[in-house]
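**Q** A predicted structure for the sequence below; I have some questions about it.
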Amino acid sequence: MNDRHKAPEGGIIIVSACLAGVPCRFDGLSKSYEKIKELVKNEKTILVCPEQLGGLTTPRVPSEIKGEKVFSKTGTDVTAQFNRGAEITLALAKEYGCKSAILKSRSPSCGKGKVYDGSFSGRLIAGNGFTADLLLKNGIEVLTEEEI
């Protein structure tokens, strides 16, 4: 872990499954990080993919937040699935007393601080993904892989 942030200590940690090597991203791949995989081996963690928990398949059409909603690149409104995944993730966090989460940056579910702008052009704007936002509003510390 670098000096900027250490992994949260104590308790069970929610972790984006893709960061631990689970191929659950929209493209059917993972985005694993050795530091996260090491954390999962050595700490009590719960791996989640809020988009799958919300009922979306893997692979799936990429989605981005536009205003208060989430749309797939084909224009399908997938806000309900993103809300459901966020709510299930929060329920798991509460059930297991999780005080922190490590989530995938820039994701419309898991991103913290910056997310894609909804134009599918790669442009980032200030904001949080649906799951990150809900966890933060409920007092759960959220870090991204870039902060670990």
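**A** Done, it's in.

**Q** What ranges does this structure have for its strands?
**A** When assigned using DSSP state E, the strands of the chain occupy the ranges 13-16, 45-48, 63-66, 69-72, 100-103, 114-116, 124-126, 141-144.

**Q** Which stretch among these is buried most, on average?
**A** Neighbour counts averaged per stretch over these are highest for strand 13-16, at a mean of 26; criterion: mean count of other C-beta atoms under 10 Å. Where you see a C-beta, it was placed from the backbone N, CA and C, and this is true even at glycine.

**Q** would TSV of the strands of the chain with mean pLDDT and distance to A132 be doable?
**A** Listed next are these as TSV, based on pLDDT from 0 to 100; distance: least, C-beta to C-beta, whole Å:
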stretch	mean pLDDT	distance to A132
strand 13-16	98	10
strand 45-48	98	12
strand 63-66	98	11
strand 69-72	98	13
strand 100-103	98	5
strand 114-116	98	9
strand 124-126	98	13
strand 141-144	98	5
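
**Q** now those in CSV, with distance to S32?
**A** Supplementary listing: the strands of the chain in CSV, determined by distance: least, C-beta to C-beta, whole Å:
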stretch, distance to S32
strand 13-16, 10
strand 45-48, 11
strand 63-66, 21
strand 69-72, 24
strand 100-103, 12
strand 114-116, 21
strand 124-126, 22
strand 141-144, 14
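
**Q** What sits closest to G139 if chain neighbours are left out?
**A** Using C-beta to C-beta, 6 or more residues apart in numbering and skipping residues adjacent in sequence, the residue nearest G139 is K99, 8.0 Å away.

**Q** Mind pulling up the pLDDT for the residue most central in space within the chain?
**A** For the chain, the residue nearest the mean C-alpha position is C110 (2.5 Å; C-alpha atoms, centre = their mean). According to the per-residue confidence, C110 scores 98 in pLDDT.
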